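**Student:** all I have is the shape, not the residue letters:
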């Protein structure tokens, strides 16, 4: 009979190997089927251990450095990292140490290092829980921290890193009545209308899930559709629609929405959520650049670096290195140009990215206006409930950061702008 916790811990080591050794995102590693044989509880534990170890990686490595003369192979190092994380948050030393010694001992390549794992983790168990909270808040890697410091300031980036380390609560968007959702879930009603839960538990067991009265959506991600303000009967095109939170917002307004995305699997999830919420949309698996027609309103949530979502996805700065940024910038510009072409005269386009980089937000809009005549930024579209005037950017858009609402749990980093076509 396997030791309690062993399958989840072994899977967590695998996930860290994929992120830190292979440069894959956690979503890709999990989606590859490697965790399918685990029961749901172990699968959730493995994901949590991998996620939280990545979140505190700098602190964990500092603690381990004191007990290592040289770094062991990546798999052994990752076993030490996860074990150290568990010990630093108060895990029972006996069970944690024995599990990771067992995991390493079963490795054909690294079995001889079980003694090292045992010795190092026992030293961490002695005082790791006391040392861990006193260490510096983990910083972003240099490839990302540098551009953000240049765009904002060292102080702002430090505040963003604090928000990343704190993690993210669960935000819900109501289909129609956010007050009823707030009362049913006993969550907090945020200024922009989202309902926030600090301790959500199993999402599918929350009140209203089966009836489809809400969906999971970060509060910042819910703002672009509020800026778009779709109206009943309007023809709305949504480009890059998955995972579908914005699709459901548009559909709930009564507008006729065509939602386009290249990912068949992600669009299948959108279809499931539409069915659960009893909402309708025309779903298309295809290339946004191949879309045709003329539309009253368009929402373009463009492919981006996703650097605004690190508080929920701490694997991102470790799995990426910024080498694909310029390709993303070019793709965003192409999609903006195409969206403008599809917009009816008098129509509106909301462009957004879940990025902290101005190159994917403010700069894209400035360059778009230089390339096209007859376009203007509609700053008045941002006059919606809960928007702090300090969030507005010079060119008329909205710049959201993870350190905003820090006393309430923060928000994803986003850029949002409304463009009008004369």
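**Tutor:** That came through fine. These numbers were taken from a predicted model, which means no experiment stands behind them. Residues are numbered from 1 along each chain as shown.
**Student:** from residue 102, how far off is residue 130?
**Tutor:** 27 Å (CB to CB, to the nearest Å). From N, CA and C alone the C-beta is placed, and that goes for glycine too.
**Student:** list the contacts for residue 334?
**Tutor:** Residue 334 is in contact with residue 289, counting by CB atoms under 8 Å, 6 or more residues apart in numbering.
**Student:** checking it next. Helix, strand or coil?
**Tutor:** Under DSSP: H, G, I helix; E, B strand; the rest coil, residue 334 falls in the helix class.
**Student:** who's more crowded, residue 130 and residue 102?
**Tutor:** More crowded of residue 130 and residue 102, by other CB atoms under 10 Å: residue 102, with 16 against 9.
**Student:** can you name the element that comes right after the helix or strand where the more buried one lies?
**Tutor:** Assigned by DSSP states H and E, residue 102 belongs to helix 93-105. For helix 93-105, the following helix or strand on the C-terminal side (DSSP H and E) is helix 114-131.
**Student:** report all helices and strands that that next one contacts.
**Tutor:** Helix 114-131 sits against helix 57-65, helix 74-88, helix 93-105, with contacts defined as 3 or more CB pairs under 8 Å, 6 or more residues apart in numbering; DSSP states H and E.
**Student:** in the last one, which residues are buried?
**Tutor:** Read that as helix 93-105. 93, 96-104 (16 or more other CB atoms under 10 Å).
**Student:** what's the burial count for the residue nearest to residue 279 when sequence neighbours are not counted?
**Tutor:** The shortest distance from residue 279 to any non-neighbouring residue, by CB to CB, 6 or more residues apart in numbering, is to residue 251 (4.0 Å). By the criterion of other CB under 10 Å, residue 251 has 24 neighbours.
**Student:** residue 376 now?
**Tutor:** Residue 376: 12 neighbours (other CB under 10 Å).
**Student:** element containing it, please.
**Tutor:** strand 375-377.
**Student:** repeat for residue 172
**Tutor:** Using DSSP H and E, residue 172 falls in strand 170-174.
**Student:** strand partners (parallel or antiparallel) of the longest strand along the chain?
**Tutor:** Assignment by DSSP state E gives strand 343-353 as the longest strand of the chain. Strand 343-353 has its sheet partners listed here by DSSP bridges as strand 295-301 (parallel), strand 414-421 (antiparallel).
**Student:** now tabulate the ones you listed in a markdown table and tack on mean pLDDT.
**Tutor:** Output for those, formatted as a markdown table (pLDDT from 0 to 100):
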| stretch | mean pLDDT |
| --- | --- |
| strand 295-301 | 98 |
| strand 414-421 | 98 |
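**Student:** isn't residue 173 right up against residue 247?
**Tutor:** No: counting by CB atoms under 8 Å, residue 173 sits too far from residue 247 to count as a contact (11.4 Å).
**Student:** the helix holding residue 102 vs helix 114-131, what angle?
**Tutor:** 140 degrees (axes from the mean of the first three to the mean of the last three CA atoms, to 10 degrees).
**Student:** summarise which helices and strands helix 93-105 is packed against.
**Tutor:** helix 6-16, helix 74-88, helix 114-131.
**Student:** deepest-packed of those, please.
**Tutor:** Among the helices and strands packed on helix 93-105, ranked by average contacts under mean count of other CB atoms under 10 Å, first place goes to helix 74-88 (a mean of 25).
**Student:** report all helices and strands that that helix contacts.
**Tutor:** Helix 74-88 packs on helix 6-16, helix 40-55, helix 57-65, helix 93-105, helix 114-131, going by 3+ CB pairs under 8 Å, 6+ apart.
**Student:** and for the lowest-mean-pLDDT helix or strand in the chain, what's in contact with it?
**Tutor:** In the chain, the helix or strand scored least confidently by mean pLDDT, DSSP states H and E is helix 26-29, which has a mean of 90. For helix 26-29, contacts defined as CB under 8 Å, 6+ apart pick out 14-15, 18-19, 47, 50-51, 54, 313, 315, 319.
**Student:** and stretch 276-293, by the same measure?
**Tutor:** Contacts for stretch 276-293 (CB under 8 Å, 6+ apart): 175, 209-210, 212-215, 237, 239-241, 247-248, 250-252, 256-264, 267, 270-271, 274, 300, 334-335, 338, 342.
**Student:** now it: mean pLDDT?
**Tutor:** Across stretch 276-293, the average pLDDT comes to 97.
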